[in-house]
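Student: Need coordinates for the below:
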Amino acid sequence: MKLKENKMSTGAIIMMIASLTLVWGGLVYALIRLPKEE
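Tutor: A predicted model of the protein is given here:
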């Protein structure tokens, strides 16, 4: 019964990490690119 809960929380954690990586990756990419344009 705990296996199902672990699977769901693991999937949620993976999705959270994936979205956080995309957000932070975009922010870092923008910060690195903006100074070069100036």
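Student: what about this protein, any weak spots by pLDDT?
Tutor: 1-3, 5-6, 36-38 (pLDDT under 70).
Student: can you map out the helices along it?
Tutor: 2-37 (DSSP state H).
Student: Next one: Leu20 from Thr10, what distance?
Tutor: According to C-beta to C-beta, to the nearest Å, Leu20 and Thr10 sit 15 Å apart. In short, each C-beta sits where N, CA and C put it, glycine included.
Student: again, but for Leu22
Tutor: Taking C-beta to C-beta, one finds Leu22 at 19 Å from Thr10.
Student: how many other residues sit next to Arg33?
Tutor: Number of residues near Arg33 (other C-beta atoms under 10 Å) recorded here: 9.
Student: Over to Ala30?
Tutor: As a burial measure, Ala30 scores 9 neighbours (other C-beta under 10 Å).
Student: Ser19 versus that one, what's the distance?
Tutor: 17 Å.
Student: and if you look at Leu34?
Tutor: In this view, Leu34 and Ser19 are 23 Å apart by C-beta to C-beta.
Student: cool, Met8 as well?
Tutor: Look at Met8 and Ser19: by C-beta to C-beta, they are 17 Å apart.
Student: same question, Ser9
Tutor: For Ser9, the distance to Ser19 equals 16 Å [C-beta to C-beta].
Student: Lys7 too?
Tutor: From Lys7 to Ser19 the distance is 19 Å (C-beta to C-beta).
Student: Please apply the same query to Ile13.
Tutor: 11 Å.
Student: before we move on, what about Lys4?
Tutor: Taking C-beta to C-beta, one finds Lys4 at 23 Å from Ser19.
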